[in-house]
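>>> sequence first, then the predicted structure:
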Amino acid sequence: MIWNKGTLIETSGNYWKSCTLHTGVKLDIFTIIGAGTKSSEEVALQINGDLRGVSALLNALTAMELLDKAKDKFSNTDFSKQFLTKESPDYTGYIVMHHHHLMESWENMAASVVSGQPNRSNASETENEGERESFLMAMHNIASGTAPMYANVVDLSACTHLLDLG
């Protein structure tokens, strides 16, 4: 990356994209829209949300090219249907939610740097069921993408036992 004032400001403000994506996944917007189209009113009703807030979110997701908008109706892009709807076998929302749960620790990084202490507990040991599920399923998302590659290059024919440490 070539740093200049523009890239500095862009990097500093990129959090809005992450937070918008996290919110869309957390509220299950992509799954709610599914293969059809929905208006802001329909989505707001389904999530029991504020119409103004839902409209702003849907328009932001459209600006990010994760939703399409025609007239006053929103639909998923092909990419969103594949990776952000729970019906898809390629659903990757769990890792997005895992990243969402990590946001607070990144926000508090300065305190950790000064104190030398961690600012969060281990995600696999948390008492928060949603956070633990997101972590475990995120690891599944990663493994599902990499395991086929390793299965094709690692010769296990001489092995009689296998230990999964994952």
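Structure received.

>>> which other helices and strands contact the longest helix anywhere in the chain?
Counting by DSSP state H, the longest helix found in the chain is helix 129-153. In this structure, helix 129-153 makes packing contacts with helix 93-107, judged by 3 or more Cβ pairs under 8 Å, 6 or more residues apart in numbering; DSSP states H and E. Using the backbone N, CA and C atoms, a C-beta is placed for each residue, glycine as well.

>>> and the helix it packs on, what's buried?
For helix 93-107, a neighbour-count test (16 or more other Cβ atoms under 10 Å) marks 93, 94, 95, 96, 97, 98, 99, 100, 101 as buried.

>>> where does pLDDT dip in the chain?
123-126, 166 (pLDDT under 70).

>>> just the helices from it, written as ranges.
Counting by DSSP H, the helices of the chain are 5-13, 15-26, 29-33, 40-47, 51-63, 78-83, 93-107, 109-115, 129-153.

>>> which one, of these, ends up nearest to residue 69?
Closest approach to residue 69 among the helices of the chain (Cβ to Cβ): helix 51-63, 4.7 Å.

>>> to residue 159, which of the helices of the chain lies closest?
Of all the helices of the chain, helix 129-153 sits nearest to residue 159, with 12.9 Å by Cβ to Cβ.

>>> could you dump the buried residues of helix 93-107 into a markdown table with distance to residue 136 added?
Converted to a markdown table, the buried residues of helix 93-107 look like this (distance: Cβ to Cβ, whole Å):
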| residue | distance to residue 136 |
| --- | --- |
| 93 | 13 |
| 94 | 8 |
| 95 | 11 |
| 96 | 14 |
| 97 | 11 |
| 98 | 9 |
| 99 | 14 |
| 100 | 15 |
| 101 | 12 |
